[in-house]
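Engineer: Show me how the following folds:
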Amino acid sequence: AGLGLAEDVRDRTPDLSFRASPFLRLRLVCDAVLARDGAQEALADLARVVEDCRGVVRTVTRHLEESGVSVDLVYRLERIRHGLDRMEAIARVLAAPRGEPRWREALALLSDLLEHAHADRSVRALVKRNARLMARKIIERTGNTGEHYITSTQGEFHHMVHSAAGGGFVTAFAVALKFFLTALPLAPFFAGLFVALNYAGGFVVMQMLGLTLATKQPSMTASTLAAAVGEDAGLDGGTRRMERLAALVPRVTRSQLAAILGNLGCVLPVAVALGLGFQFLKGHAYLTAQQAQHVVETLHPWKSATLLYAALTGVLLWASSVAAGWFENFIVYRRLPEALAHHRVLRALMGVTGARKVADALMHHAAGVGGGVTLGVLLAVMPGVGGFFGLPLDVRHVTFSFGALAFAGCALGPSAVMEPGFLAAVAGVLVVGVVNFGVSFALALGVALRARDVPVLEGLRFLGAVALRFLRNPIPFLVPPRDEPVPLETETQVVPLAGPPGS
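Structural biologist: Numbering: from 1, shown residues only. This is a model prediction of the structure:
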């Protein structure tokens with residue numbers, strides 16, 4: 001009752017007054033059950049109050065979307081759920097008739113108590129329980145921009161391609177600037193700092209201009225799939241979930257395809273144009289022959305560690321999406337947009353409308369900027385961290401790698417582009433993309449399934465069924481339908497670990 005009447009819980013149930021809270025009646029009905037020795041009327045009242053308390057918990061969980069979430073709040077909601085479960089278990093013992101039925105219920109309760117007592121002293125159970133709570137903390141709040149990552153119509157598909165093309169355009173310039181910065185004779189700290197600023201600046205520019213980077217999508221779409229799998233667990237063997245996945249997965253795959261085509265389709269010509277333009281103006285290639293050959297060698301799929309570096313980059317992509325969700329949640333939980341909108345100094349300088357625009361801009365760009373800056377720093381510092389510990393760590397991002405390979409091709413010339421080593425590097429870039437997407441998607445999906453208490457085997461079973469559907473009819477997974485489909489219901493909301501499309 002104390003947990004359910006806490007201020008932050010009541011703030012998330014605005015339609016329920018304090019006097020009407022079922023947690024206020026919980027102590028009274030429990031006392032009545034004990035005083036009347038488990039009378040059926042008292043037990044019926046307890047069952048109704050417990051169900052009302054569960055309804056309050058569900059309402060609070062839904063309001064996490066709007067008001068943010070903290071680890072402490074998620075933990076207290078878990079305590080409330082477990083406490084209500086224990087009350088119902090004790091009530092079943094009291095409600096059972098005397099004799100053998102009551103003994104069976106009592107033994108079941110005792111077994112449950114012993115199991116939980118053992119779990120309380122188990123390090124493994126502690127780690128597992130806290131990992132689940134952290135997973136729920138990561139994805140509990142769905143945010144307000146994740147739906148932009150998934151397209152439904154041809155118009156949205158084409159818009160995604162154009163947005164991703166803009167992201168490829170910015171990436172080409174970021175790749176060129178990275179080569180320039182790494183050639184400067186700087187101390188390791190400043191070299192890493194400028195490279196991080198280059199990466200982060202490119203991602204922030206994409207965010208502000210509403211552009212898309214394809215590798216930011218998998219973490220978002222994995223959470224969406226987990227939301228579709230994790231609902232209606234007991235309905236007709238998952239029929240409704242299968243229908244939801246059948247409608248959602250094709251949208252996810254063709255949205256990802258649109259982003260990939262836009263990124264790679266634009267970064268190549270822009271990088272080639274920059275390389276040839278520089279060569280025309282300066283009389284020599286942007287990269288030296290040694291630099292270009294080094295790029296080709298490092299992207300070879302089996303003669304280098306590029307696949308391991310691509311997997312590490314996938315982990316960094318997922319970590320940046322977690323950071324983006326955390327930053328957005330931090331802003332919402334502490335009501336910073338509302339504070340800016342009502343700030344007296346800001347209103348005096350910009351007026352009421354201007355202050356509201358600043359607050360809306362903060363809310364819209366928070367996740368994208370947070371995730372972009374985090375990813376930029378991670379991509380820049382990882383080689384330095386590896387060198388500090390004596391490990392040859394590096395990163396392989398598909399869009400940046402493709403841009404670097406384009407600059408290398410311009411430096412080596414047309415004849416070298418058709419050599420087996422260069423063609424192998426092109427294949428390596430494609431494999432890097434698959435590994436980037438696969439690792440970040442797998443990590444995000446695993447976290448989302450754990451947070452929604454979906455067994456891994458069940459999630460794999462549904463995804464396998466979707467894969468079979470793809471083999472039978474792959475067209476809807478690749479191109480949007482001609483007729484605009486009916487939008488999915490809100491029960492298939494996106495649960496982001498990352499920022500909005502421009503991140």
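Engineer: from here on, contacts and neighbour counts on C-alpha atoms
Structural biologist: Fine.
Engineer: where in this structure is pLDDT low?
Structural biologist: 37-38, 65-66, 98-100, 133-149, 216-246, 452-453, 483-503 (pLDDT under 70).
Engineer: quick check: domain ranges of it?
Structural biologist: 2-121, 136-478 (the TED database).
Engineer: Using a markdown table, please lay out those together with mean neighbour count and distance to residue 127.
Structural biologist: A markdown table is the format used below for these (neighbours: other Cα atoms under 10 Å; distance: least, Cα to Cα, whole Å):
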| stretch | mean neighbour count | distance to residue 127 |
| --- | --- | --- |
| domain 2-121 | 16 | 11 |
| domain 136-478 | 20 | 13 |
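Engineer: I'd like those laid out as a markdown table, including distance to residue 128.
Structural biologist: Listed next are these as a markdown table, based on distance: least, Cα to Cα, whole Å:
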| stretch | distance to residue 128 |
| --- | --- |
| domain 2-121 | 10 |
| domain 136-478 | 10 |
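Engineer: Show me the strands in the stretch 401-503 of the chain, by range?
Structural biologist: When assigned using DSSP state E, counting those that start in this stretch, the stretch 401-503 of the chain turns out to have no strands.
Engineer: now the helices: where do they sit in it?
Structural biologist: With helices called from DSSP state H, counting those that start in this stretch, the stretch 401-503 of the chain shows them at 414-417, 420-451, 456-472, 475-478.
Engineer: was I right about residue 182 contacting residue 190?
Structural biologist: No - contact criterion Cα atoms under 8 Å: residue 182 and residue 190 do not qualify, at 10.3 Å.
Engineer: Next up, the contacts around the residue lying closest to residue 386 once chain neighbours are set aside.
Structural biologist: Nearest non-adjacent residue to residue 386, counting by Cα to Cα, 6 or more residues apart in numbering: residue 393, 4.9 Å away. Contact partners of residue 393, counting by Cα atoms under 8 Å, 6 or more residues apart in numbering, are 309, 382-383, 385-387.
Engineer: Show me what the one helix or strand residue 117 maps to packs onto, helices and strands only.
Structural biologist: Residue 117 is located in helix 100-120, with elements delineated by DSSP states H and E. Contacts defined by 3 or more Cα pairs under 8 Å, 6 or more residues apart in numbering; DSSP states H and E place helix 100-120 against helix 71-95, helix 123-139.
Engineer: got the angle between that helix and helix 71-95?
Structural biologist: 160 degrees (axes from the mean of the first three to the mean of the last three Cα atoms, to 10 degrees).
Engineer: Burial check on residue 130, number of neighbours?
Structural biologist: 13 (other Cα atoms under 10 Å).
Engineer: Distance check, it against residue 124.
Structural biologist: 10 Å (Cα to Cα, to the nearest Å).
Engineer: give me phi/psi at residue 419?
Structural biologist: phi -70, psi 150 (degrees, to the nearest 10).
Engineer: For it, give me its contacts.
Structural biologist: Residue 419 neighbours (Cα under 8 Å, 6+ apart): none.
Engineer: Residue 402 versus that one, what's the distance?
Structural biologist: 17 Å.
Engineer: Repeat that for residue 285.
Structural biologist: 18 Å.
Engineer: Residue 272 touches residue 405, doesn't it?
Structural biologist: No - here residue 272 does not reach residue 405: they are 9.6 Å apart, not a contact under Cα under 8 Å.
Engineer: Go through the contacts of residue 393 and say which is closest to residue 320.
Structural biologist: When the contacts of residue 393 are compared for distance to residue 320 (Cα to Cα), residue 382 wins out at 13.2 Å.
Engineer: ok, the closest one touching residue 394?
Structural biologist: Yes - counting by Cα under 8 Å, residue 382 does reach residue 394; the two are 6.4 Å apart.
Engineer: Assign a three-state SS to residue 303, would you?
Structural biologist: coil (DSSP: H, G, I helix; E, B strand; the rest coil).
Engineer: so who does it touch?
Structural biologist: Counted by Cα under 8 Å, 6+ apart, residue 303 has contacts residue 297.
Engineer: Okay, it and residue 401: tell me how far apart.
Structural biologist: For residue 303 relative to residue 401 (Cα to Cα), the value is 16 Å.
Engineer: Then residue 62?
Structural biologist: In terms of Cα to Cα, residue 62 sits 41 Å off from residue 401.
Engineer: Next: residue 276.
Structural biologist: Relative to residue 401, and taking Cα to Cα, residue 276 is found at 18 Å.
Engineer: Name the surrounding residues that touch stretch 177-195.
Structural biologist: 198, 287, 380-381, 384.
Engineer: From these, which land in strands?
Structural biologist: Judged by DSSP state E, the contacts of stretch 177-195 include no members of strands.
Engineer: So which elements touch the helix or strand harbouring residue 349?
Structural biologist: Here residue 349 sits within helix 344-388, counting by DSSP H and E. On a contact count with 3+ Cα pairs under 8 Å, 6+ apart, helix 344-388 meets helix 188-209, helix 306-333, helix 336-341.
Engineer: could these be laid out in a markdown table, adding distance to residue 373?
Structural biologist: Compiled in a markdown table, the helices and strands packed on helix 344-388 are given as follows (distance: least, Cα to Cα, whole Å):
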| stretch | distance to residue 373 |
| --- | --- |
| helix 188-209 | 5 |
| helix 306-333 | 8 |
| helix 336-341 | 20 |
